[in-house]
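> Following is a predicted model, sequence given first.
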Amino acid sequence: MINKPDSFGIAKSKSTQPELPMPRTPMMIEKGLTLVDAINEALYQELERDPRVVLLGEDVGLNGGVFRVTDGLQKVFGPDRVADTPLAESGIMGTAIGLAMAGMRPIPEIQFEGFLGPAYDQLCNHAARYRTRTRGAITIPLTVRVPWGGGIHAPELHSDSPEAIYAHTPGLKVVCPSTPSDAKGLLLSAIRDPDPVVFFEPKRVYRSYREQVPEGDYTIPIGQAKVVQEGSDITVITWGANVFQCLEALDKLPDDVSVELIDLRTISPVDTDTIVQSVQKTGRCVVVQEAPKTCGMASELTTLIQEHCFLYLKAPVQRVTGFDTIMPYYKLELDYLPDAKRIVETIGLTMAY
Amino acid sequence: MPIKTVYTAQIDHLQILDENGVLDEKLAKDTLSDEQVRYLYEFMITCRALDEVAFKLQRSGRMGTYPQNKGQEANAIGSGFAAKKGVDFLVPCYRENAALFLHGLPMHYILLHWMGDERGNQIPEGVNMTPLSIPIGTQMLHATGIAWAFKLRKEARVAITYFGDGATSEGDFHEAMNFASTLQVPCVFYCQNNQWAISVPRENQMNSETVAQKAIAYGMPTIQVDGNDLFAVYKATRDAIERARAGGGPSFIEAVTYRLADHTTADDARRYRDPNEVEAWMGKDPIIRLRKYLEGKGLWNAELQAAHEEKSRAIVAEVIKTAEGIAKPSTDDIFDYTYATLTPNLEVQRRTMRTASLAQDPQQAGLNNPVNA
Ligand SMILES: Cc1ncc(C[n+]2csc(CCOP(=O)(O)OP(=O)(O)O)c2C)c(N)n1
Ligand SMILES: [Mg+2]
């Protein structure tokens, strides 16, 4: 059992770091936190609480990450706990596995979702499989943070939505928060989870709005969806940045359509109960995802619904998705991404069935 | 048994034109003619002008993120000039635009790329290069494969690949070096060591004294050059290319240079870089030393400088006009290059992406009922 912290002499007790005031600025207190602020705060609090936690990745230290998500953390916790690594994703993921085995709680960052590519082997063929292949003797409690998705006019391989690949990998959990409060609570759960978690951060939402986020330590369970809005006619299921295109669509719908909007928050394990209860109630469902259509999470949800709700369905489940193409460069990215218009039309078609 | 030394190595550093524009005549012998130097200097000024304007385009919202090449131009120009246009093959990263231009890529292609348009990657027929590589450290393997094909077909051609200091940390880099050397393919590995990989300085990127010494582990000829010295870059690359063309296998070049600008327009280097360091490197700018050299030889003066700057402005204005004049592609473009032949599913998605059936087969349940007919 090499992953017992004690065997490496790492104290379980509280950190020896000096107690530091929460780094909330007057702006944050008045207007709330962005998604970036909330993740930064969660990382700060967990670094402070748990001496086993280490951050590693490209530019995460002095520069605070290319999106500034880890801003200021190296200054407080030092370069050992917030480490700039060489430019090598397989190296980042592979050494995070070793750190985790040896009783640490590594939080690697992969700079953009497209660069999970070089880390794929370590993440999927090693991190995900260790518990099973050692019959639980060695486990990998790491949380890999990944800026994710399109809509910010970024270059190639900086705008993809590959979450289904990781949801399709047994042994990994996949979390995709959409709001600052959820991100903080889910990240704290992910870090404390005994298994590897892929934590996708919707970069389109990083600074798009602020909301009040509880200051203290709190967790939101992995695997629990959130009913954003209750309704009785149709269920709309989504996750990540698309929650906001769905909200926009809901605004544009006629008042007599009562929509239940579900933000999955975690796509693996998926919250079957919340989905099934909702669709059994409404009898209609539209799933919205940024990712390509074929073999995406929407395909899985559609199947899940027909397995559990077949006799309740008043219309076929519909999908609003990206297309089965390479994510285009940014001149065409808004044509590719699901928008409120397509969501409204699909809800209309489903209602009219 | 006494311990014996089984291997020793050394790394040479080549500089021919120093910061003050003083040329080492002996080393410069058989390199560039006066005429060539002047031509390449003028070209460097034009490329710098384009680079500065590209920065401004991003700042004014007319272009997306852009990585400036500023300060590193002698690398692209000296090495690009050493490779044979239309014969050799360039496999770039994104900080050697000038080499691509020398090999026939129209300048507006680079702007198109950063304007979020794949047509900037649609390399014209007969221009031997791959498009910019956004993922770091992946393209050197492709260069190795290209060079392997040249070797298999007994063509006297060479592949030259460019990458940064940071890229040498990726596993793919090491695999490329080992393949190239083991297979003895005609490939030149050109590392632009600009001292930084975004915020990570070279000393934290690697614990080796030089980048050049990495090649020793793969049994590959290697040299360190002053990357801001057009003559040194030209000579080292030409020698490496000649060796490769003659069947002598791959070579490695570490070019010591400096990224004068931020990493990209999305970066703020003041967060991690000492302004004094930048200041010091400003003085090593390849343009300054070339101008001093040319003026010293009576080949250049303020008047010629002003005239060429004027000419560069006109060229750049035309390039921007061309790039901005290219309208947004049709949405069919999203689909048409996915495969050689569009699959039936994609055909439906393309045809219906904005119609009533929303990228679904209209026959699909829900869309062929009377209500929506
Ligand atoms: C595989 C991969 N990982 C991370 C990135 C993000 N990234 C873009 S450029 C860069 C630094 C590159 O440094 P270097 O190789 O020295 O080239 P330079 O930009 O200095 O020319 C990083 C980390 C990327 N594009 N690709
Ligand atoms: Mg570099």
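Now that the structure is in, tell me what you want to look at. Ligands and ions are numbered 1, 2, ... in the order given.
> Extract the C-alpha set from the longest helix along chain A and format it as CSV.
Secondary structure of chain A per DSSP state H: the longest helix is helix A:35-49. Output in CSV follows, covering the C-alpha atoms of helix A:35-49 (Å, rounded to 0.1, in the frame of the first residue of the first chain):
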residue,chain,number,x,y,z
LEU,A,35,-15.3,31.2,-12.6
VAL,A,36,-11.5,31.9,-12.6
ASP,A,37,-11.7,33.5,-9.2
ALA,A,38,-13.7,30.6,-7.8
ILE,A,39,-11.3,28.0,-9.0
ASN,A,40,-8.4,30.0,-7.7
GLU,A,41,-10.0,30.3,-4.3
ALA,A,42,-10.7,26.5,-4.2
LEU,A,43,-7.1,25.8,-5.0
TYR,A,44,-5.9,28.3,-2.5
GLN,A,45,-8.0,26.8,0.3
GLU,A,46,-7.1,23.2,-0.5
LEU,A,47,-3.3,24.0,-0.7
GLU,A,48,-3.7,25.6,2.7
ARG,A,49,-5.8,22.8,4.2
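> Strands along the stretch 51-200 of chain A, start to end?
A:53-57, A:82-84, A:105-109, A:143-148, A:173-175, A:197-202 (DSSP state E, counting those that start in this stretch).
> got the contact list for the fifth one?
Okay, so that is strand A:173-175. Surrounding strand A:173-175, the residues in contact under the criterion CB atoms under 8 Å, 6 or more residues apart in numbering or on different chains are A:163, A:166-167, A:186-187, A:189-190, A:193, A:195-200, A:222-223, A:265-269. Any C-beta I mention is one placed from the backbone N, CA and C, and that applies to glycine too.
> Phi first, then psi, for the residue positioned nearest the centre of chain B.
With distances taken as CA atoms, centre = their mean, residue B:96 lies nearest the centre of chain B, 2.8 Å away. Residue B:96 adopts backbone torsions of phi -140, psi 40, taken as degrees, to the nearest 10.
> so what's the residue of the stretch 151-300 of chain A found nearest chain B scoring on pLDDT?
Nearest residue of the stretch 151-300 of chain A to chain B (CB to the nearest CB) works out as residue A:156 at 4.6 Å. According to the prediction, residue A:156 has pLDDT 95.
> Taking strand A:105-109 as reference, get the angle to the longest helix of chain A.
150 degrees (axes from the mean of the first three to the mean of the last three CA atoms, to 10 degrees).
> Remind me what helix A:35-49 packs against, helices and strands.
strand A:53-57, helix A:73-77, helix A:180-192, strand A:197-202 (3 or more CB pairs under 8 Å, 6 or more residues apart in numbering or on different chains; DSSP states H and E).
> Quick check: can you name the pairing partners of the last one and their directions?
Sheet pairing here is set by DSSP bridges, and for strand A:197-202 it gives strand A:143-148 (parallel), strand A:173-175 (parallel).
> any idea of the mean pLDDT for whichever helix or strand comes after that strand?
The first helix or strand that comes after strand A:197-202 along the chain, using DSSP states H and E, is strand A:226-229. For strand A:226-229, mean pLDDT rounds to 98.
> Need the residues that contact strand A:226-229.
By CB under 8 Å, 6+ apart, strand A:226-229 touches A:182, A:243, A:247, A:250, A:259, A:260, A:261, A:262, A:263, A:265, A:274, A:278.
> Any chance of a markdown table for those residues, columns distance to chain B and neighbour count?
Output for the contacts of strand A:226-229, formatted as a markdown table (distance: CB to the nearest CB, whole Å; neighbours: other CB atoms under 10 Å in any protein chain shown):
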| residue | distance to chain B | neighbour count |
| --- | --- | --- |
| A:182 | 26 | 23 |
| A:243 | 20 | 26 |
| A:247 | 19 | 18 |
| A:250 | 18 | 19 |
| A:259 | 17 | 22 |
| A:260 | 19 | 23 |
| A:261 | 19 | 22 |
| A:262 | 20 | 26 |
| A:263 | 22 | 24 |
| A:265 | 26 | 26 |
| A:274 | 24 | 20 |
| A:278 | 19 | 24 |
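> Good, we can wrap up now.
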